[in-house]
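> curious how this folds, go ahead:
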Amino acid sequence: MQLPNNKKIYFASDQHFGAPTPELSFPREQKFVAWLDEVKGDAEAIFLLGDLFDFWFEYKTVVPKGFIRILGKLAEIRDSGIPVYFFVGNHDLWMEDYFQKELNIPVFHDNQEYTFGDKTFLIGHGDGKGPGDLGYKRMKKIFTNPFFKWLFRWLHPDIGVKLAQYLSVKNKLISGDEDVTFLGEDNEWLILYSKRKLETKHYNYFIFGHRHLPMKVTVGENAEYVNLGDWITYFTYGVFDGETFEIKKY
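The predicted model follows:
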């Protein structure tokens with residue numbers, strides 16, 4: 001992807017809309033919609049790196065209630081011709097083809113590589129990457145197993161959604177959430193993961209969410225690990241102008 005003059009690529013992650021309740025989440029949703037409305041003016045593309053919703057499950061004919069302003073704004077942006085890319089997180093890992101069919105937004109379940117100008121990127125949500133986090137990795141295999149997804153689909157949505165929302169907030173093993181404090185370069189799994197990836201292939205930027213902690217860390221020669229933060233505490237996002245990557249606060 002080549003960036004025309006005065007165009008930028010935007011990145012955001014970990015909005016967790018719907019948490020802790022729809023009512024308390026609503027002001028954050030309004031703020032995010034305002035941000036989308038602002039960045040569409042010079043966006044060449046927008047990347048959403050997961051956990052847009054605190055819970056999401058697609059039944060064959062039903063999706064979770066709410067979020068209409070966000071979905072409407074994303075539809076407007078796509079209809080205007082601006083590409084939007086979505087990477088599932090650990091809270092919306094049951095997303096399938098609703099975004100693709102209704103909004104024309106591709107959905108990715110793992111990291112993807114991109115080249116913007118002369119810079120190479122590895123982009124993903126970041127859950128389950130790197131060493132450690134073995135309990136969550138085992139749980140994720142269960143949650144993404146087609147048989148268990150089929151069993152869950154037999155629950156009435158009023159029961160299934162309520163149960164999943166409760167577990168999403170209460171059970172950190174299921175949610176995969178980590179403490180939002182910097183653990184040091186030797187203990188941050190995504191930093192270790194990025195350094196390990198550099199052993200086999202060079203990237204200029206590793207862009208992830210999941211940690212809810214905005215940071216930029218040099219992981220190699222001309223290589224940086226970036227975490228986008230969140231839209232709960234920090235309201236931060238990433239922007240690439242063709243030359244440099246910045247984390248900004250909205």
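> ranges for the strands of this protein?
Shown for the chain, the strands assigned by DSSP state E span residues 8-12, 43-48, 84-87, 107-108, 112-116, 119-123, 205-208, 215-220, 223-227, 236-240, 245-249.
> CA atoms of the first one as CSV?
I take that to be strand 8-12. Output of strand 8-12 as CSV, limited to C-alpha atoms (Å, rounded to 0.1, in the frame of the first residue of the first chain):
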residue,chain,number,x,y,z
LYS,A,8,-2.5,8.5,7.0
ILE,A,9,-3.1,5.0,8.4
TYR,A,10,-4.9,4.8,11.7
PHE,A,11,-4.9,2.0,14.3
ALA,A,12,-7.1,1.5,17.4
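> which one of the strands of the chain is the most hemmed in?
strand 205-208 (a mean of 26; mean count of other CB atoms under 10 Å). Backbone N, C-alpha and C define where each C-beta goes, glycine included.
> now for that one, which elements pack on it?
Contacts defined by 3 or more CB pairs under 8 Å, 6 or more residues apart in numbering; DSSP states H and E place strand 205-208 against strand 119-123, helix 189-197, strand 223-227.
> would you format these as CSV with mean pLDDT included?
Conversion of those to CSV gives the following (pLDDT from 0 to 100):
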stretch, mean pLDDT
strand 119-123, 97
helix 189-197, 96
strand 223-227, 98
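> give me the number of residues near Asn145?
By other CB atoms under 10 Å, 11 other residues sit near Asn145.
> and if you look at the one 3 residues further on?
Residues within reach of Phe148, counting by other CB under 10 Å, total 12.
> turn the helices and strands packed on strand 205-208 into CSV, including distance to Val33.
Output for the helices and strands packed on strand 205-208, formatted as CSV (distance: least, CB to CB, whole Å):
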stretch, distance to Val33
strand 119-123, 23
helix 189-197, 28
strand 223-227, 23
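> which one of the ones you listed lies closest to Asn145?
Nearest to Asn145 among those is helix 189-197; the distance by CB to CB comes to 23.3 Å.
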